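Visitor: Okay, here's the prediction I keep looking at, along with the sequence it came from:
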Amino acid sequence: MIRTATPADIPVIHTLICELADYEKAPHEAKATPEQLREALFGEHPAAYAHIAVDDTTGELVGFALWFLNFSTWRGVHGIYLEDLYVRPTARGAGHGKALLAELARICAERGYQRLEWSVLNWNRPTIDFYEALGARPQDEWTVYRLTDEALTKLAATA
């Protein structure tokens, strides 16, 4: 079962984010606090949205998708950028990941959004295979760039 996250889900979402960071070999990078997540998802001006995967038999929250809107200047409409998709290892293979992506695709179709995009680590072959089996294709001609920490601060100081 897939449902929209509620404020009561914040502790589990935070735990799942930490589990994802550990899986991606970067636990030191997961710095978001539950308070920050609460504000981002449920504050006066939400910056992101989340859906939860619930195991039908146990009722346990086993995964989540956290996403936000982007905009394509070429298409002239919004799209969804999937920031995180994570299903606990013990629940993988039961269709939760596909169900989360299907829900986001449904939202795109319902709202007229024309893109559902995300990034995946190059070494994560099981996940790449999963996405490609759904029909997703890598955008090989683009390279993601990021400014953080000192480099971001340094550039901001030049404004």
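Guide: Alright, I've got the coordinates.

Visitor: Distance from the helix or strand Leu82 falls within to the middle of the chain?
Guide: For Leu82, the host element (DSSP states H and E) is strand 77-87. Offset of strand 77-87 from its chain centre (CA atoms, centre = their mean, to the nearest Å): 5 Å.

Visitor: neighbouring contacts of that strand?
Guide: Under the criterion CB atoms under 8 Å, 6 or more residues apart in numbering, residues 16-17, 19-20, 23, 48, 53, 62-72, 96-97, 100-101, 104, 107-108, 111-118 lie in contact with strand 77-87. C-beta coordinates here come from the backbone N, C-alpha and C atoms, glycine included.

Visitor: so what does the helix or strand just after it touch, helix or strand wise?
Guide: Next in sequence after strand 77-87, counting helices and strands by DSSP H and E, comes helix 96-111. Packing partners of helix 96-111 (3 or more CB pairs under 8 Å, 6 or more residues apart in numbering; DSSP states H and E): strand 2-4, strand 49-54, strand 61-72, strand 77-87, strand 116-118.

Visitor: How about the strand holding Leu82, which residues are buried there?
Guide: Neighbour-count burial for strand 77-87, counted by 16 or more other CB atoms under 10 Å, picks out His78, Gly79, Ile80, Tyr81, Leu82, Asp84, Leu85, Tyr86, Val87.

Visitor: shaky segments in this structure?
Guide: By pLDDT under 70, the chain contains no weakly predicted segment.

Visitor: can you pull the contacts of Ser72?
Guide: Applying CB under 8 Å, 6+ apart to Ser72 gives the contacts His78, Gly79, Gln114, Arg115.

Visitor: separation between the third one and Val77?
Guide: Think Gln114. Between Gln114 and Val77 the computed distance is 5 Å (CB to CB, to the nearest Å).

Visitor: Can you tell me the centre-most residue of the chain?
Guide: By CA atoms, centre = their mean, the chain has its centre lying nearest to Asp84, at 2.2 Å.

Visitor: Quick check: beta-bridge partners of that residue?
Guide: Beta-bridge partners recorded for Asp84 (DSSP bridges): Leu66.

Visitor: so how far does stretch 19-39 reach from one end to the other?
Guide: End-to-end distance for stretch 19-39, by CA to CA, to the nearest Å: 21 Å.

Visitor: buried stuff in that stretch?
Guide: Within stretch 19-39, the residues scored as buried using 16+ other CB under 10 Å are Glu19, Leu20, Ala21, Glu24, Leu37.
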